[in-house]
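> what shape does this take:
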Amino acid sequence: MADLELRLNKDMLVMSSPVSRALDLLGMTSLHDQAYALLFEPEVIEEVYKLESMTGVQCVVADTAMIVPAELARLGMRDDAQAMADNAIKLAQAVKPQHVIVEIAPCALPLDASSKSSLLENRDQYTRAAKLYDDASFDAFFLNGFTRVADLKCALMGIRKVSDKLIIASVDVDGEGVLRRRGAASVAVGSESAMQESIEDAIYAMEDLGADVVGFASGAPVDDLVALTNRARMSCGLPTLVQLDVASRDPEQEAPSYKNPYFDPDTMVDAAEALRAAGAQFLRAVGDASPAYTGALVAAVDRLDVAQDLFGLDIANDAETDLDSLAERLRDRVASALGRTADRLDERHEQ
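Below you'll find the predicted structure:
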């Protein structure tokens, strides 16, 4: 595998979409079902990786989001942690990507940021997860889906305690850059947990605690994502990941809407060009995204470098490029590539 660290702030790179959507179509709708598939039906996971790899995606994300001890205990699979970690790496490597990325999601334990014991207990979750990969060959950890800065800090400290691997970190935000809280994370107004936290708060923590790539996921329209990318890059000088959250694929929808801006894989082309111009390096389609979305992103940024000016601000080098013409050429490339591979395979997979 190529050295990912040597490509930071240079090559535009795309990360594979989550396998969960494809597994949902097969009736594996719960996290337990998906963990079971990784352990006992690995050929199903490998088929999803193959569909993604046919698009030319450079970074395959190993399906290990649930690998923290607390989550495995809830699933009744704590004793299977090492086997699951080993399987995930083996399956990702089988499709021979340029880079393998190990995903780790929040442990979801209660966290009192004012309690040392609570902080240490949470930090230990990520330390134990990272140690499962001591002997594995991969390029980076991917801390993904975080909605509280305190949780993110625990994860970063936990991994940095035992590993010097690259860390890509990402938080979920809305169109205004506010971290999106879920369920039990929202408590009484006035408490520390109920305070709104911004993308800047998260990125400062990422940079301070050793992340190598800072990122966010959002289903907001592309103009909002460009603004968020600008804010991220103004907050620190690290490479930026943008995850475009696809609300749903709707063949009857004719144009992007605020609630569903990425209704079709073709919307990825304009989004990719705009985000590249804003200075993003890593792109990923999530949510209801299929391999066709990944393929569109790959086709849009294939062999392109990260756009930067001399001051590291958010201006593309090729300012004189006719973006409309470029977008049209990229659409032709997407149609040609996906018409023969990802779209056809994705339809077969849904059937």
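> in stretch 130-144, which residues are buried?
For stretch 130-144, a neighbour-count test (16 or more other CB atoms under 10 Å) marks 130, 131, 132, 133, 136, 138, 139, 140, 141, 142, 143, 144 as buried. All C-beta spots, glycine's among them, are computed from the backbone N, C-alpha and C.
> so residue 224 sits in a helix?
Yes - Residue 224 sits within a helix when classified using DSSP: H, G, I helix; E, B strand; the rest coil.
> in contact with it, which residues?
When contacts are counted by CB atoms under 8 Å, 6 or more residues apart in numbering, residue 224 touches 175, 176, 218.
> where's residue 22, which helix or strand?
Using DSSP states H and E, residue 22 maps to helix 20-25.
> remind me what that helix packs against, helices and strands.
Applying 3 or more CB pairs under 8 Å, 6 or more residues apart in numbering; DSSP states H and E, one finds that helix 20-25 makes contact with helix 31-40, helix 42-53, helix 342-350.
> run the chain-centre distance for it.
Its chain's C-alpha centre lies 16 Å from the corresponding centre of helix 20-25 when counted by CA atoms, centre = their mean, to the nearest Å.
> that one - what's its average pLDDT?
Averaging pLDDT along helix 20-25 gives 86.
> just stretch 279-293 next, same as before
Averaging pLDDT along stretch 279-293 yields 96.
> which element is the nearest residue to residue 222 once chain neighbours are set aside on?
Spatial nearest neighbour of residue 222, excluding adjacent residues (CB to CB, 6 or more residues apart in numbering): residue 271 at 4.5 Å. According to DSSP H and E, residue 271 maps onto helix 267-278.
> continuing past that helix, what's the next helix or strand?
strand 282-287.
> could you dump the helix or strand following that following strand to PDB, C-alpha only?
Per DSSP H and E, the first helix or strand lying C-terminal to strand 282-287 is helix 291-301. Provided in PDB are the C-alpha atoms of helix 291-301 (Å, rounded to 0.1, in the frame of the first residue of the first chain):
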ATOM      1  CA  PRO A 291     -21.200   2.700  -4.900                       C
ATOM      2  CA  ALA A 292     -22.500   4.900  -7.700                       C
ATOM      3  CA  TYR A 293     -22.000   7.900  -5.400                       C
ATOM      4  CA  THR A 294     -18.400   6.800  -4.600                       C
ATOM      5  CA  GLY A 295     -17.700   6.400  -8.300                       C
ATOM      6  CA  ALA A 296     -19.000   9.900  -9.100                       C
ATOM      7  CA  LEU A 297     -16.700  11.400  -6.500                       C
ATOM      8  CA  VAL A 298     -13.700   9.300  -7.800                       C
ATOM      9  CA  ALA A 299     -14.400  10.300 -11.400                       C
ATOM     10  CA  ALA A 300     -14.700  14.000 -10.400                       C
ATOM     11  CA  VAL A 301     -11.400  14.300  -8.600                       C
END
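> coming back round to it: now do the buried residues in the helix holding residue 22.
Residues of helix 20-25 classed as buried: 20, 21, 22, 23 (neighbour count, 16+ other CB under 10 Å).
> returning to that earlier point: can you pull the contacts of the residue nearest to residue 222?
222, 225, 244, 262.
> again, only using 10 Å
By CB atoms under 10 Å, 6 or more residues apart in numbering, the residues touching residue 271 are 221-223, 225-226, 242, 244, 256, 261-262, 283, 285, 296-297, 300.
> equivalent analysis for residue 119, please.
Residues in contact with residue 119, defined by CB under 10 Å, 6+ apart, are 111, 112, 113, 150, 153, 154, 157.
> what of residue 170?
Each residue near residue 170 by CB under 10 Å, 6+ apart is listed here: 103, 142-146, 152, 202, 206, 211, 213-217, 240-243, 282, 284, 286.
> which non-adjacent residue is nearest it?
Nearest residue to residue 170, sequence neighbours excluded (CB to CB, 6+ apart): residue 215, at 3.8 Å.
> neighbours of the one you found, how many?
By other CB atoms under 10 Å, 30 other residues sit near residue 215.
> on that earlier part again, and which of the contacts of residue 271 is nearest residue 72?
Nearest to residue 72 among those, counting by CB to CB, is residue 285 at 27.3 Å.
> any figure for the gap between the closest one and residue 291?
Going from residue 285 to residue 291 by CB to CB, to the nearest Å gives 9 Å.
> shared neighbours, the two?
Common neighbours of residue 285 and residue 291, counting by CB under 10 Å, 6+ apart, are 16, 17, 265.
> residue 55: which of the residues you listed is nearest?
Nearest to residue 55 out of the shared contacts of residue 285 and residue 291 is residue 16 (CB to CB; 8.4 Å).
> low-confidence ranges in the stretch 1-150 of the chain?
Applying pLDDT under 70 to the stretch 1-150 of the chain flags the ranges 1-2.
> all the strands of it, residue numbers only.
13-15, 59-62, 99-104, 140-146 (DSSP state E, counting those that start in this stretch).
> so what secondary structure elements neighbour the shortest one?
So that's strand 13-15. Applying 3 or more CB pairs under 10 Å, 6 or more residues apart in numbering; DSSP states H and E, one finds that strand 13-15 makes contact with strand 59-62, strand 99-104, strand 140-146, strand 240-246, strand 282-287, helix 291-301.
> in space, what's closest to residue 198 - neighbours in sequence excluded?
Nearest residue to residue 198, sequence neighbours excluded (CB to CB, 6+ apart): residue 177, at 5.4 Å.
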